[in-house]
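>>> fold the following.
(2 chains)
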Amino acid sequence: MQMYTAFGLSINSEIELPPLLNSDTQQADIQIIIGKVNKNGLDTPAKKGLFSQLAANELWLHVPNIAWFYVTDGNKIVVESEANADAQSIRLYLLGSCLGAIMHQRNRLVIHGNAIRVGDGCIVFAGNSGNGKSTLAAAFHQRGYDILADDLAVIDEQWNVQPSYPQIKLWHDTAKKLDIDIKGLKRIRFQVDKYAYPIKKGFYNKPLPIKAIYLLNNHNQDEFLFEPIKGVDKFNPLRNNTYRINYLDGLGLKKQHFKLSSQLANKIDVTRITRPNDGFQLDKLVDLIEADLAKNEGNA
Amino acid sequence: MSSITTPQANIYWLASYPKSGNTWTRAFIANLLHEEPEPVDINEFHTGAIASGREWVEAALDFDINELSHDEIDLLRPAAYRWLSQQLETPGYHKIHDAYTYLANDEPLIPIEATKGALYLVRNPLDVVVSFAHHNHCTIDKAIENMGNSKFAFCSGPKRIHNQLRQWLLSWSEHVISWADAPDINTLVIRYEDMKNTPIETFTHMATFLELPNDIDTVTAALEHCKIEKLQAQEAEKPFKEKSAKAESFFRKGQVGDWQNTLTDEQIKLLINDHRDLMQRFGYLDNHDQPITTYSTQE
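Okay, here's the model as predicted:
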């Protein structure tokens, strides 16, 4: 058993979770245990998917060739590994879908995105996989910004983003683009050319109020577009960028999520960024976001 | 052609090698189903997600796939398509550029149980190569090489995440034969040249196969809306989102026989050598190895 801390909670885990920071707390908010998971799923699922089943406070998930997971009450994950599964793969799904579901069960808003510190608050880069969230966060880190979270931006009831853990996952090509030598880095799984980049300096380990969300998109044109989203139009992008939104209905949390998203929409700036898909032009994008932040700061 | 269908088989695949009339077909379907007098916006066809669409497949699986390898994802795709097909209440029309291939476990990538039918569009490779070179902003010679490459795939690089899943295209000939001779699925093969030369008959045939409105007035009106000049005019006004960033435009010429103005004798010879059997089978070569330039309707 090892005690960790992430997302403002203490996690007692029978499975090693190396990217997470250790904690000396005695009281665990979340237990991760190795045990038996019913192969047929839940007794009375409210929603039955291909590999997932959901009910109030319960998620059952089967990731073929990796593991079965049972996530319940916002405080417990049971893992049963498949025969030939490796620890790295199991860990990825624990830190992704499973902890994501735990946060939903705890009534947290979970945005699929990366958070960086800007002044006394933070901003979140959200978007579908492959739209450059981690790349952008890593580029900001290289310019001296602190990293708060990679992949899951968990927002608590005080509208703070909670720190995740000091690591960004980078594809081989992204590391190259950022002049990061992959030789010293570990692959996140041996099956993929993606690496765990440890944030040795510049990880911010305290919650910070969320100021803005930038939604990342791309198009086949040459120009960069920055479109501020106003009023009720903010709601759908927040919904669409909620981590594993499909879990909410089965968990019985749709109404609660609607309420939280609407409240968040009232508090923050939401801007859609559309960049050219041909060549990332990373430096230019970082410059443009810095300029946009300075402008919004001026307006505040 | 045999046909095995189950009650859950709700997907019609709109299958083709790239640059063979797939977008035109989707424009036609979108306009067939559109009840307004104006043509459908080229960026709003909404005929159904592409088979290699990352979000479409992930929606079925309900877990992240962005950190799985291409091979691992492929093994999950048949189950995803079966599930997605089950969710459909009316037939879905889904574009696919993957060849009809078998996975490491011998299961077909495209499961029979999800497949109501496959409309396969084939086009003279001498014309495909010219359009493909424009689309990818590469030389004709490079496009010839890709069309002859049995290992050719889209989105296959392992060093980054791609907006679509890996698609094995194989060589042009292998692509055509994989679908045209796919066992057990209900397939209609249509030539691009017939879509151009005898549009009403050909598109009516397609609409009938796809269980879409097929009366002459509806077909004629839909065809009018997706004439190449009209698609070009829309693209001139507003960029088409499916264009590759490097290409100047997506809707280019759409002509039959444009290769005669573009390809060198050497390039024509190379393509014929690579694809002789299939070119003969689909009426693109005569018995003397000469490319055919005028088409009669082929049944």
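>>> least trustworthy helix or strand in chain B by mean pLDDT?
Lowest on mean pLDDT, DSSP states H and E among the helices and strands of chain B sits helix B:228-237, with a mean of 90.
>>> so for stretch B:219-232, first residue to last residue, what's the gap.
20 Å (C-alpha to C-alpha, to the nearest Å).
>>> show me what from the stretch 1-150 of chain B comes close to chain A.
Counting by C-beta under 8 Å from any C-beta of the partner chain, the residues of the stretch 1-150 of chain B close to chain A are B:54-55, B:59-64, B:66-69, B:72, B:75-76, B:79-80, B:83. C-betas here are computed from N, CA, C, even on glycine.
>>> next one: stretch B:17-37 to chain centre, how far?
12 Å (C-alpha atoms, centre = their mean, to the nearest Å).
>>> using PDB, write down the CA coordinates of it.
The C-alpha trace of stretch B:17-37 is given here as PDB (Å, rounded to 0.1, in the frame of the first residue of the first chain):
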ATOM      1  CA  TYR B  17     -10.000   4.400 -52.800                       C
ATOM      2  CA  PRO B  18      -9.500   8.200 -52.300                       C
ATOM      3  CA  LYS B  19     -10.400  10.500 -55.200                       C
ATOM      4  CA  SER B  20     -12.900   8.100 -56.700                       C
ATOM      5  CA  GLY B  21     -16.200   9.900 -56.200                       C
ATOM      6  CA  ASN B  22     -16.900   9.300 -52.500                       C
ATOM      7  CA  THR B  23     -17.500  13.000 -51.700                       C
ATOM      8  CA  TRP B  24     -19.700  13.300 -54.700                       C
ATOM      9  CA  THR B  25     -21.800  10.300 -53.500                       C
ATOM     10  CA  ARG B  26     -22.100  11.800 -50.100                       C
ATOM     11  CA  ALA B  27     -23.200  15.200 -51.600                       C
ATOM     12  CA  PHE B  28     -25.800  13.300 -53.600                       C
ATOM     13  CA  ILE B  29     -27.100  11.400 -50.500                       C
ATOM     14  CA  ALA B  30     -27.200  14.600 -48.500                       C
ATOM     15  CA  ASN B  31     -29.200  16.300 -51.200                       C
ATOM     16  CA  LEU B  32     -31.500  13.300 -51.700                       C
ATOM     17  CA  LEU B  33     -32.400  13.500 -48.000                       C
ATOM     18  CA  HIS B  34     -32.600  17.300 -47.900                       C
ATOM     19  CA  GLU B  35     -36.100  18.600 -48.100                       C
ATOM     20  CA  GLU B  36     -35.300  22.300 -48.900                       C
ATOM     21  CA  PRO B  37     -35.000  23.700 -52.400                       C
END
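>>> give me the buried positions along that stretch.
For stretch B:17-37, burial by neighbour count (16 or more other C-beta atoms under 10 Å in any protein chain shown) applies to B:17-34.
>>> returning to what we had before: and the residues of the stretch 1-150 of chain B next to chain A, which of them are in strands?
Among the residues of the stretch 1-150 of chain B next to chain A, none falls in strands (DSSP state E).
>>> make a PyMOL selection of the buried ones in those residues.
Buried residues within the residues of the stretch 1-150 of chain B next to chain A, by 16+ other C-beta under 10 Å, are selected in PyMOL with:
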select buried, chain B and resi 54+59+60+61+62+63+64+66+67+68+69+72+75+76+79+80+83
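>>> of the residues of the stretch 1-150 of chain B next to chain A, which belong to helices?
When DSSP state H defines the helices, the subset of those inside them is B:54, B:55, B:59, B:60, B:61, B:72, B:75, B:76, B:79, B:80, B:83.
>>> what sits against residue A:67?
Contacts for residue A:67 (C-beta atoms under 8 Å, 6 or more residues apart in numbering or on different chains) come out as A:79, A:80, A:81, A:82, A:85, A:89, A:90, A:93.
>>> how confident was the prediction at it?
Per-residue confidence (pLDDT) for residue A:67: 98.
>>> please apply the same query to residue B:45.
For residue B:45, the pLDDT comes out at 87.
>>> host element of the nearest residue to it once chain neighbours are set aside?
Closest residue to residue B:45 apart from its sequence neighbours, by C-beta to C-beta, 6 or more residues apart in numbering or on different chains: residue B:30 at 4.2 Å. Here residue B:30 sits within helix B:22-33, counting by DSSP states H and E.
>>> contacts for that helix, please.
With C-beta under 8 Å, 6+ apart as the test, helix B:22-33 has contacts from B:14, B:16, B:39-40, B:42, B:44-47, B:93, B:95, B:97, B:119, B:121, B:195, B:203, B:206-207, B:210, B:212-213, B:218-219, B:221-223, B:225-226, B:228, B:231, B:242, B:250, B:254.
>>> domain parsing of chain A, as residue ranges.
A:2-106, A:110-299 (automatic domain parsing).
>>> how about the helices in the stretch 151-299 of chain B?
B:172-180, B:192-197, B:199-209, B:216-225, B:228-237, B:259-262, B:265-281 (DSSP state H, counting those that start in this stretch).
>>> out of the ones you listed, deepest packed?
The highest mean neighbour count among the helices of the stretch 151-299 of chain B, using mean count of other C-beta atoms under 10 Å in any protein chain shown, belongs to helix B:172-180: a mean of 23.
>>> which elements pack onto it?
Judged by 3 or more C-beta pairs under 8 Å, 6 or more residues apart in numbering or on different chains; DSSP states H and E, the packing partners of helix B:172-180 are strand B:115-122, strand B:187-191, helix B:265-281.
>>> now with 10 Å, please.
Helices and strands touching helix B:172-180, by 3 or more C-beta pairs under 10 Å, 6 or more residues apart in numbering or on different chains; DSSP states H and E, are strand B:11-16, strand B:115-122, helix B:125-136, helix B:140-147, strand B:167-168, strand B:187-191, helix B:265-281.
>>> tilt between the first one and helix B:125-136?
The one in question is strand B:11-16. In terms of direction (axes from the mean of the first three to the mean of the last three C-alpha atoms, to 10 degrees), strand B:11-16 departs from helix B:125-136 by 100 degrees.
>>> can you list the buried residues in strand B:11-16?
Result for strand B:11-16 [16+ other C-beta under 10 Å]: buried residues B:11, B:12, B:13, B:14, B:15, B:16.
>>> which residues of the stretch 151-299 of chain B lie near chain A?
Proximity of the stretch 151-299 of chain B to chain A is confined to B:157-164, B:239-247, B:250 under the rule C-beta under 10 Å from any C-beta of the partner chain.
>>> any of the residues you listed buried? List them.
Among these, those scoring as buried are B:160, B:161, B:162, B:164, B:240, B:243, B:247, B:250 (criterion: 16+ other C-beta under 10 Å).
>>> now do stretch A:96-109: distance to the chain's middle.
For stretch A:96-109, the distance to the chain centre is 10 Å (C-alpha atoms, centre = their mean).
>>> can you check stretch B:221-241 too?
Its chain's C-alpha centre and that of stretch B:221-241 lie 18 Å apart, by C-alpha atoms, centre = their mean.
>>> for stretch A:246-255, same thing?
18 Å.
>>> which residues touch it?
A:42, A:45-49, A:52-61, A:71, A:74, A:97, A:100-101, A:104-105, A:107, A:110, A:239, A:242, A:245, A:256-258, A:260, B:58-59, B:62 (C-beta atoms under 10 Å, 6 or more residues apart in numbering or on different chains).
>>> now with 7 Å, please.
A:46, A:47, A:54, A:55, A:56, A:57, A:59, A:101, A:104, A:105, A:257, B:62 (C-beta atoms under 7 Å, 6 or more residues apart in numbering or on different chains).
>>> the fourth one contacts residue A:48, doesn't it?
Going back to what we said before, that points to residue A:55. No: contact criterion C-beta atoms under 7 Å: residue A:55 and residue A:48 do not qualify, at 9.8 Å.
>>> more neighbours: those two, which one.
residue A:55 (19 against 13; other C-beta atoms under 10 Å in any protein chain shown).
>>> tell me where the model's unsure across the chain.
All of this refers to chain A. For chain A, applying pLDDT under 70 flags the ranges A:299-300.
>>> not what I meant, chain B
Chain B contains residues with pLDDT under 70 at B:1-7, B:296-299.
>>> check it for the residue nearest chain A and tell me.
At 3.3 Å from chain A, residue B:245 is the closest residue in chain B, using C-beta to the nearest C-beta.
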